[in-house]
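fold the following, please.
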Amino acid sequence: MRIDKSDTAMTKGRRLAAMLGASAAAAWGAHPAPVSAQDFSDVEFEVIHMSGNVWALISGRGGNIGVSSGPDGTVMVDDQFAPLADKIRAALMEVGQSEEAANPRFLINTHWHGDHTGGNEEFGPESAIIAHTNVRRRLAEPRQGANGVIPGAPPDALPVVTFDDAVSIHFNGEEIRAIHIPHGHTDGDVVVHFTGSNVIHMGDNFFAGRFPFIDLASGGSAEGLVRGIDQVIQTVPADIQIIPGHGPLSNVDDLRVYLRMLRENLEMVRGKMGEGQSLEQIQTAGVSEEWDGWGDGFISTDRFLATLFQSLSESGGESSGG
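Residues are numbered from 1 along each chain as shown. Below you'll find the model as predicted:
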């Protein structure tokens, strides 16, 4: 469908990190269950024009996809799951109105999780994959799964261009900048700014209207996420259009609300930890009424509070600043 759109807290925290890393990451694709066992037959992509050369492909199944399509060809941001590759190519042809548009020249991974990089093995042979240095490292290394060791990604699925801070692609008449957000959702996240089209893809730094998954086991932190979101808001134009990693298309006001949610809940948990309250006490009290509905998605309120508790335990409760 094509749519136009304008014991000690530290010890307890470490035990909690193991539980959060195993359960949340497995469910979200960081340690994926066999994708071949999933049924993708009912998945359909909405093809939504954002602005200028930029489109969003949204299925509700994996991470939202960003696309630059123009005279130079296609740049794609994230690629969901390998079994959806043919449906993604069909959506790319709809955007670009050509068969050539189905084969992106460049593919940018916003981070390493499987619901954003699962299609790398399908697109990698034809597309130059670009990602933060830590994304290639995490994709390449074997890791422990629920049913044994999961091998690293095959060579075609690995980024061939990596960077530490930022990289630019000059394509379709604009600069497309991938900018690292240190220790936010993971340790390898980037946001992708389509500077001429005035669109930014936030990756999983932004879960629109819901509590985020902060992958502490992959180097993420609540404090780092707050700093990263604040930096984006301070840097981008006030009228920029936003593709979140998950959730509906958004604007800067939506991102400000998300940042306020993160800050208020982080400070609430920090204050209660300072009073000596346990995680169980904090979870029992819950969040304010304004944020109560944000726990209806993938990350429940209890899990979100547990993540904040763990993140603060690991950092010693230091203020995130900003």
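
name the helices or strands packed onto the helix or strand where residue 69 lies?
Using DSSP states H and E, the element containing residue 69 is strand 65-70. Under the contact definition 3 or more Cβ pairs under 8 Å, 6 or more residues apart in numbering; DSSP states H and E, strand 65-70 sits against strand 54-58, strand 73-77, helix 85-96, strand 189-194. No exception for glycine: its C-beta is placed from N, CA and C like everyone else's.

let's see 6 Å
Secondary structure elements in contact with strand 65-70, counted by 3 or more Cβ pairs under 6 Å, 6 or more residues apart in numbering; DSSP states H and E, are strand 54-58, strand 73-77, helix 85-96.

name the next helix or strand downstream of the longest helix anywhere in the chain, please.
In the chain, with assignment by DSSP state H, the single longest helix is helix 252-274. Going down the chain from helix 252-274, the next helix or strand is helix 279-285, by DSSP H and E.

lowest-pLDDT helix or strand in this protein?
helix 9-28 (a mean of 42; mean pLDDT, DSSP states H and E).

flag every buried residue along the longest helix of the chain.
Applying a neighbour-count criterion of 16 or more other Cβ atoms under 10 Å, one finds 252, 254-255, 258-259, 261-263, 265-266, 268-270, 272-273 buried in helix 252-274.

between the residues you listed, which is nearest residue 60?
For these, the minimum distance to residue 60 (Cβ to Cβ) is 17.8 Å, reached by residue 254.

show the pLDDT at that closest one.
As predicted, residue 254 sits at a pLDDT of 98.

most centrally placed residue in the protein?
Nearest residue to the geometric centre of the chain (Cα atoms, centre = their mean): residue 204, 1.8 Å.

and the gap between it and residue 224?
Distance, residue 204 to residue 224, by Cβ to Cβ, to the nearest Å: 13 Å.

how much space separates the closest residue to residue 248 other than its chain neighbours from residue 64?
Sequence neighbours aside, residue 208 is the residue nearest to residue 248 in space, at 5.5 Å (criterion: Cβ to Cβ, 6 or more residues apart in numbering). Using Cβ to Cβ, one gets 9 Å for the distance from residue 208 to residue 64.

could you check which of these two has the larger neighbour count?
residue 64 (29 against 20; other Cβ atoms under 10 Å).

go ahead and confirm that one touches residue 58.
Yes. Counting by Cβ atoms under 6 Å, residue 64 does reach residue 58; the two are 5.3 Å apart.

using the three-state scheme, assign residue 167.
Counting by DSSP: H, G, I helix; E, B strand; the rest coil, the backbone at residue 167 sits in strand.

three-state assignment of the nearest residue to it once chain neighbours are set aside?
Leaving aside its sequence neighbours, residue 167 sits nearest to residue 178 (Cβ to Cβ, 6+ apart; 5.3 Å). With three-state DSSP as the basis, residue 178 sits in strand.

this completes my enquiry, with thanks.
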